[in-house]
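Chemist: Below is the sequence, then the predicted model.
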Amino acid sequence: MADQQFNPGVSLAGAVDLEALKHQVKAEPGQAGGAPAAGGYVIDTTENTFQAMVQTSATFPILMLLWVPTDDRLFPMARALGDAVNALEGKIQLSRIDIASNPSIAQALQVQGAPALFALIGGRPMPLLQGLPGDDELKQLCDEVIPKIIQAAAQAGVSGTAPYSGDPDSDAAKSTGAAGAGVEQVPPEHAEAHRLAEEGDYAGAAAEYSRVLEMNPGDSLAARERAKALLLARSGQANVREVRAAAAAAPDDVEAQLAVADIDMIGGQIQDAFDRLLDFLAAGHKADIEPVRKRLLEYFAIPEPTDERLKRARRRLATLMY
């Protein structure tokens, strides 16, 4: 698999062919007449989240679809790939990238038009397709190529499970599409922190969210976003393979275990991150209980409060502390 350097800072002109204008629809993904909504193991990636997505490909394989979500010629392909990926229950993730809104990603991958399809394993992209596939070719992609990508990833030691992000056919997903394709409503007091995070200044965003929490300690959204920002500030650019190798080589080193737990969290492996640190304490590292406790409390702010994994981890931490 050939190496390519991602450079999402370069602008791209002419990524969308003129023919696409004849097939343009106004409906948002998830709306009637629009593209299929993201959800399940299908995500939408932007220039702001691209590097984090690349990092997670060291944990599980990713299928990248570069497309234009308002071009109805691409809907059957997006739907077929999404259905195929979701049927595999996290063995692979589909990352959809709108090249009209995120042209620098297309530039980095040397893509001049939509659709284009890549496999991404361990941060390395492999081109699979450029242009619309025929019915037989699309079936082959879904039935044969995707399982081969999963097999190749496993052989490279990339065999984790992608995080599940909700039912793409649910009423919530459809209403999100109707409300603007997942555009989040940012509280005014969060605006500066949100802007910094969008620009990739996660340390600055974390500091701003801390300021918000000083004024309103009960702001659970600020606590969640602060935890995410701290996580990405510490480990968003870490070399995943090096971090995992260091942790395996030093099972009694608390910093090495905290670093690899960060990688688990970034990759959506929440249970793995919780278990790793709790098992570390259970193995007799009581002298390290404070840094582990602080890191776990940070992680605990990220899942929904009703998440059963969170409830179990809280109970186990309480037991290990006394």
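Modeler: Yep, it's here.
Chemist: Might you report the residue contacts of Gly268?
Modeler: Thr56, Thr59, Thr161, Ala162, Pro163 (CB atoms under 8 Å, 6 or more residues apart in numbering). (Glycine included, C-beta is placed from N, CA and C.)
Chemist: What's the local residue count around the nearest residue to the second one once chain neighbours are set aside?
Modeler: Setting aside the residues directly before and after it, Thr59 is nearest to Gly267 in space (CB to CB, 6 or more residues apart in numbering), at 3.5 Å. Gly267 is flanked by 22 other residues according to other CB atoms under 10 Å.
Chemist: what does the one 4 residues further on give?
Modeler: A count of neighbours around Gln271, defined by other CB under 10 Å, yields 17.
Chemist: got the CA positions of whichever strand or helix holds it in PDB?
Modeler: With elements taken from DSSP states H and E, the one containing Gln271 is helix 270-282. Extracted in PDB, the C-alpha atoms of helix 270-282 (Å, rounded to 0.1, in the frame of the first residue of the first chain):
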ATOM      1  CA  ILE A 270     -14.200   3.500  25.200                       C
ATOM      2  CA  GLN A 271     -14.500   0.200  26.900                       C
ATOM      3  CA  ASP A 272     -10.900  -0.700  26.100                       C
ATOM      4  CA  ALA A 273      -9.700   2.700  27.500                       C
ATOM      5  CA  PHE A 274     -11.700   2.200  30.700                       C
ATOM      6  CA  ASP A 275     -10.600  -1.400  31.200                       C
ATOM      7  CA  ARG A 276      -6.900  -0.700  30.500                       C
ATOM      8  CA  LEU A 277      -6.600   1.900  33.200                       C
ATOM      9  CA  LEU A 278      -8.800   0.000  35.700                       C
ATOM     10  CA  ASP A 279      -6.900  -3.200  35.100                       C
ATOM     11  CA  PHE A 280      -3.700  -1.200  35.600                       C
ATOM     12  CA  LEU A 281      -4.900  -0.200  39.100                       C
ATOM     13  CA  ALA A 282      -6.200  -3.700  39.800                       C
END
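Chemist: returning to that earlier point: wait, doesn't the residue nearest to Thr59 sit right on Pro61?
Modeler: No - with contact defined as CB atoms under 8 Å, Gly267 does not reach Pro61; the gap is 11.8 Å.
Chemist: who's in contact with the helix or strand containing Ala119?
Modeler: Using DSSP H and E, the element containing Ala119 is strand 116-121. Strand 116-121 has contacts (CB under 8 Å, 6+ apart) with 1, 54, 57, 61-66, 81, 95, 106, 109, 125-131, 141, 149, 152-153, 156, 158.
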